[in-house]
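Asker: Task: produce atomic coordinates for the following.
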Amino acid sequence: MPVLSLRGVNVDFPFTPYPCQTDYMNKVIECLQSKVNGVLESPTGTGKTLCLLCATLGWREYFKDSISARKISEKMGGAELFPDRPMSSWGTAATDGDVPAYYTDIPKIIYASRTHSQLTQVVSELKNTAYRPKVCVLGSREQLCINQEIMKQESNHIKVHMCRAKVSTRSCLFYNNVDEKSTDKDIMNSILDVEDLVKTGKKERVCPYYLSRSLKQHADLIFMPYNYLLDPKSRRAHNIELKGAVVIFDEAHNVEKMCEESTSFDLTPYDLTSAIDAVDKLLREQASDIGKGDSSEDFNVESLNSGLKLDITTIAKIKQILMDLELTINSFEMPSNNQGITKPGSYIYELFEKTHVNFDTKTAIVEAMEQITGYLAGKPGIFLNTSGLQKVADIIQLVFVVDPAEGSKKSQMVNSMKQFKVHIHPDTSNFKKKQSTDVWASSSAKKQGNVLSYWCFCPGFSMQELLRQEVRCIILTSGTLSPLSSFTCEMQIPFPVSLENPHVIQKDQIFVSIVDKGPDGVQLSTAFDKRFVPENMASLGNTIVNLSRVVPHGLLVFFPSYPVLDKTLEFWRANGHADRIENMKPMFVEPRGKGTFTEVIDGFYDKVNDPKSNGGSFFAVCRGKASEGLDFADTYGRGVIITGLPFPPRMDPRVVLKMQYLDEMCRNKSSGMKYLSGQEWYRQQASRAVNQAIGRVIRHREDYGAIFLCDHRFKNTDVRAQLPSWVRPYVRMDNFGTVVRDAAQFFRVAQKLRPVPQKKVKKAERENCSVPDTCQSGGGSRPAQSAWQSSSSLKAKVLDSHVPSLKRRRLDEHSGRDGTAGLCIQYEMEMSSTKKKPLSLLDALDNSDPRSGEGDDMVGEERASRLSTLSLQHDKRMDDECRGGKRKIRVVQDRKPVESSAAGKGKAFMVELKRHLSQDSFTKIMHALQVYKATDHLDDLVAKAADLLLQDPNTHSLLRGLYQFIRPHHKKQFDEKCQVLTGQGCGYKHEHSLSREERETLRQQTVGAVKDQKPQKPQTSGKDGQFSATLLSDIKKAIGSEKTNQLFIALQTYKKTNNYEQMVSTVVGLLTERDEDIVLLRRLSVFIPPHHSQQFSEMLKSLTGSASVTCEESEEASSHPVPASQLSAGKSQSKISSFFS
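Answerer: Numbering: from 1, shown residues only. Model prediction:
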């Protein structure tokens, strides 16, 4: 490895650096030497992480050498070891003339990035350097805990309290081994990321969470997500010592948002009501135990064991504080426009003072709330929602984070409060308030509740707090920080060192063009007043059709927001643009939720890798998952189209108040700080989102790609000035024909000059990484900087499987494939469900198709074809059928229908529900459904389901999944409640509110009368005995002797009791586990008496398919797809059957 001398510091670097890498390392060392902050932008692909690690660790070693040299010089009494270099000069380049006396003066390096997956990649990069510092990675209990009793808990704060209880009583085996293992030299000297820590913990039977905290004490380099640094509560919890430390924020383009969010909160009526209920439950329990008299001793023993050291008076005071807080917040009368009331930030203290919470009482109140939460979390039995109480305690800590002991500090605190606003506004989620009054009957008023919001509008507040901790310097770095001037302005701390690095690419590797008009001459714009104009959307569609012809392989299209994306795609579907794009490059659309994102993006990669295809097109939104965390290197992203400027929502209260705050600061100018104006901030938010999306292409020095800015506003000089520095020199403006011609020429030249990239299947540096699958074909080689990515991606994948919040459903776990085949089956089930469909979910819930054999036989390109335009194809099919029209979607390849039913989907949903919830929670959901079926009270069902499913964002989709069990007259109401609670509806359409009879009438009016088809009677041989023997033999061959006995016992019981529902539940469950067995069910019709034959025939018809299908049933089958491999007639079969029978 070559040794570089940069600013007097020797740096080991793995290879000869490019000029931009040398510049970058020089700037890093300048920050470290001079103790000043730096903001450094270097495009992705320039080896930013490697440069950052080598420069920082090289400087740190040199700093250490300076101390060693001085100590040797002192011992030698001033004698010189080297005639050409005095001892006094050693290390001055590293310390800038400082004279550190002890090794403890050597700064620790804190390296923060956005996520643990990104940190995993940084740790892997560190292993490729010559440096071997002592390393520690900090994580949460959710990521590091290996105690199964704790990990099975659903709520994160309950895990925390259970862990604390076990640690305090030393009842956790893994924690008890920490002291011994934390001094193990093998562990101390290893470079471990989160996954390595978990593996080591399991192998050595030691707690990874507390092991990492112990290793932190001796670590030279500490890795952590940057919310650990910015959130005061997390900083205290992890005991992070910042004095004298070097703080590095990598991927810092999100730091601004994180700074504001870490010191802001929204307290809803739901939070307060659940907090009051939790305290009330404990209060009643203690009052009851004290009332018994003789059992008070038992209560005290239990309290001692659980850590509860509160008397009943203290608990009652906590309840009174919560009720006063609720009353105070709800006492505000809202203005007629319902925009809410805004107060200065300092008003938060006045509001809490009304509830007797202040700097004097806050410590005792928070401790009492923590004790109550811990006690309730450790109680066996029914789970009690304590998240509201925990949230109130966290809020009090956040508001009273600084204790003004002196008058000067108090005035300083009031000044800092200018950066905050208190906003009180109506709670728009009507359901939550109704839920709280119906279920808990708290003391809150019956009127609509208010939300208390406390918003920070200055990211510099958190940054200044770091400086007050006396850090040595702060370095912010990312691939996209432009525009730098506005970024540093927002941070409100000085950045004497700055750098905007050029890219390592040549001019023949990048093509940038502003496309202000489409091929039809219509001006392109997604401005508020033009974004949904038909001519505009048509012109944009024609533009993308033409560009997709000249861009090879993968094409990325970014929209300003989801509403614009949805509306535009809907227009294109109706007017043929979608079909034209699909013919050129099959379309893949970024889903809003996380559930199917990995599968859709993998389908896009498969299509791009398919040598028989022209590539694929991926449609996403700025600020979405694809624009932030994915690497579309080489063929995955040869072109990116930006369809507009993604401004924040202009009427959002938080955006309005942010702009007002900035304008106010600009007018005052008393603090001496420079502020952006509200409009400047508003514009740079859009620019930064555009730059982030542009950064998805050209990921390394051999990569190439084209950028098309398809909005006339990009012609404005001030908008172009906000583009990244490596893009600006190449921007051109031509008419559409010239752009297409030049782009085609650019790609012809680039493909001749550049090596063919080695294909990597699903190679993506995204937050949820997939395992790279390297194809053996394809020449050329990847640059050295990508050499480690396979191993780091593998680690990230294993990490995902360990951390519940990152866990992805594997759609095909047992086949050894990548899961895409299972997804194809899943979507094919939805799309072919129009052919064969049960009459309703309640008629035949037991139908299932547990096998996915057909999908497993598909080759990669077939699987990718099935993934193409999933949402487009399915939605258009739904629309066509609801209008009574023909299906016009072009099918990429011939597809074999896969049988499915709403019943099978309903059962599979229950299996999925049971997999995600504890047994107790699952039982509660089932009971709530039973009550709903009997009483028809929707609010009760939603209240109980929301309480169980809203705690974890990963279970929000399960709440929406209950849509399929909601009666038609409640569909719209349930959809609206889901929209409010989870931010996403259930796909409600007007047809869903029609009863079956109304839908049938509507269908007949639209399509025409459909002739009834009577189910075909099975032919018998004429002799009942011979027929029965043959049938018995066939059934035994199909399902085995044991299940055959169960079947005929059910038939005999039915003959005696005439209980048709019980018989059908058993028989259908046994004969629908495999598709080929359903014919046996038809042959059993000879055993059904005449008074039930019609009912049995309708059930058969629903299982084996009918001539038509209603809109609602199609919608139900598509709302929440479940992998075919998970549709098994397992343990939940009898529960569901008995419930819906």
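
Asker: Return the set of buried residues in the helix or strand hosting S68.
Answerer: Element membership of S68, judged by DSSP states H and E, is helix 48-75. Within helix 48-75, the residues that count as buried by 16 or more other Cβ atoms under 10 Å are 48-64, 66-67, 69-70, 73. (Glycine included, C-beta is placed from N, CA and C.)

Asker: now stretch 572-580
Answerer: Applying 16+ other Cβ under 10 Å to stretch 572-580 flags W572, R573, H577, A578, D579, R580 as buried.

Asker: before we move on, the earlier item: the helix holding S68 - what's its average pLDDT?
Answerer: Predicted confidence along helix 48-75 averages 86 (mean pLDDT).

Asker: likewise stretch 718-729?
Answerer: 88.

Asker: which other residues reach that stretch?
Answerer: Applying Cβ atoms under 8 Å, 6 or more residues apart in numbering, the external contacts of stretch 718-729 come out as 41, 43, 480, 482-483, 500-503, 505, 510, 512, 514, 645, 683-684, 687, 690-691, 694-695, 707, 713-714, 731.

Asker: And it, how far out from the chain middle?
Answerer: Here the centre of mass of C-alpha atoms in stretch 718-729, compared against the chain's by Cα atoms, centre = their mean, to the nearest Å, lies 30 Å away.

Asker: Which of the residues in that stretch are classified as buried?
Answerer: Buried residues in stretch 718-729, counted by 16+ other Cβ under 10 Å: V719, R720, Q722, L723, P724, S725, W726, V727.

Asker: Could you do stretch 126-133 as well?
Answerer: Result for stretch 126-133 [16+ other Cβ under 10 Å]: buried residues L126, T129, Y131, P133.

Asker: mind saving the C-alpha coords of it as PDB?
Answerer: Extracted in PDB, the C-alpha atoms of stretch 126-133 (Å, rounded to 0.1, in the frame of the first residue of the first chain):
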ATOM      1  CA  LEU A 126     -12.300  -0.400   7.100                       C
ATOM      2  CA  LYS A 127     -11.200  -4.000   6.900                       C
ATOM      3  CA  ASN A 128      -9.600  -3.300   3.400                       C
ATOM      4  CA  THR A 129      -7.300  -0.700   4.900                       C
ATOM      5  CA  ALA A 130      -3.900  -1.100   6.700                       C
ATOM      6  CA  TYR A 131      -5.400   0.300   9.900                       C
ATOM      7  CA  ARG A 132      -6.500  -1.800  12.800                       C
ATOM      8  CA  PRO A 133      -8.000   0.500  15.500                       C
END
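
Asker: What's the mean pLDDT across it?
Answerer: Here the average pLDDT along stretch 126-133 is 90.

Asker: Name the residues that touch that stretch?
Answerer: 1, 12, 14, 50, 53-54, 57-58, 60-61, 109, 135, 189, 191, 219-221, 787-788.

Asker: contacting residues around R549?
Answerer: The neighbours of R549, taking Cβ under 8 Å, 6+ apart as the test, are M584, V740.

Asker: again, but for F708
Answerer: Taking Cβ under 8 Å, 6+ apart, one finds S513, V515, L547, G639, V640, I641, I642, V739, A743 in contact with F708.

Asker: Let me know the secondary structure of C489.
Answerer: helix (DSSP: H, G, I helix; E, B strand; the rest coil).

Asker: same question, the one 10 residues further on
Answerer: Using three-state DSSP, the secondary structure recorded for L499 is strand.

Asker: what residues are up against A706?
Answerer: I510, F511, V512, S513, V551, R638, G639, V640, V697, A743, F746, F747.

Asker: let's see 6 Å
Answerer: Contacts for A706 (Cβ atoms under 6 Å, 6 or more residues apart in numbering) come out as F511, G639, A743.

Asker: for stretch 921-930, what is the average pLDDT?
Answerer: The pLDDT scores in stretch 921-930 average 85.

Asker: Could you list the buried residues of it?
Answerer: S921, F922, K924, I925, M926, A928, L929.

Asker: Without its sequence neighbours, what residue ends up closest to the last one?
Answerer: This means L929. Residue nearest to L929 in three dimensions, not counting chain neighbours: F965, with 6.1 Å by Cβ to Cβ, 6 or more residues apart in numbering.

Asker: repeat for the first one
Answerer: Ranked by Cβ to Cβ, 6+ apart and with sequence neighbours excluded, the top spatial neighbour of S921 is L948, at 4.9 Å.

Asker: what's the helix or strand for that neighbour?
Answerer: L948 belongs to helix 938-949, assigned by DSSP H and E.

Asker: Let's see that helix as PDB, backbone CA atoms only.
Answerer: Below are the C-alpha coordinates for helix 938-949, written out as PDB (Å, rounded to 0.1, in the frame of the first residue of the first chain):
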ATOM      1  CA  LEU A 938     -67.300  -1.300  13.500                       C
ATOM      2  CA  ASP A 939     -65.800   1.200  16.000                       C
ATOM      3  CA  ASP A 940     -65.300  -1.500  18.600                       C
ATOM      4  CA  LEU A 941     -63.400  -3.600  16.100                       C
ATOM      5  CA  VAL A 942     -61.200  -0.800  14.900                       C
ATOM      6  CA  ALA A 943     -60.500   0.400  18.500                       C
ATOM      7  CA  LYS A 944     -59.300  -3.100  19.600                       C
ATOM      8  CA  ALA A 945     -57.400  -3.800  16.300                       C
ATOM      9  CA  ALA A 946     -55.700  -0.500  16.300                       C
ATOM     10  CA  ASP A 947     -54.500  -0.800  19.800                       C
ATOM     11  CA  LEU A 948     -52.700  -4.000  18.900                       C
ATOM     12  CA  LEU A 949     -51.500  -3.200  15.300                       C
END
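
Asker: after it, next one along is what?
Answerer: helix 956-961.

Asker: from the middle of its chain, how far away would the helix or strand that that next one is followed by be?
Answerer: Proceeding N to C from helix 956-961, the next assigned helix or strand is helix 971-982, under DSSP H and E. With Cα atoms, centre = their mean as the basis, helix 971-982 stands 21 Å off its chain's centre.

Asker: which helices and strands sit right next to helix 971-982?
Answerer: Packed against helix 971-982, as judged by 3 or more Cβ pairs under 6 Å, 6 or more residues apart in numbering; DSSP states H and E, are no other helices or strands.

Asker: pLDDT (mean, whole number) over it?
Answerer: 86.

Asker: Just want the angle from that helix to helix 938-949.
Answerer: Angle of helix 971-982 versus helix 938-949, following axes from the mean of the first three to the mean of the last three Cα atoms, to 10 degrees, is 30 degrees.

Asker: Flag every buried residue along helix 971-982.
Answerer: K971, K972, Q973, F974, D975, E976, K977, C978, L981, T982.

Asker: what's the closest of these to Y226?
Answerer: Closest approach to Y226 among the buried residues of helix 971-982 (Cβ to Cβ): T982, at 27.1 Å.

Asker: can you tell me how far the closest residue in space to that closest one that isn't next to it in sequence sits from L913?
Answerer: Spatial nearest neighbour of T982, chain neighbours left out: H956 (4.1 Å); criterion: Cβ to Cβ, 6+ apart. Distance from H956 to L913, counting by Cβ to Cβ, to the nearest Å: 13 Å.
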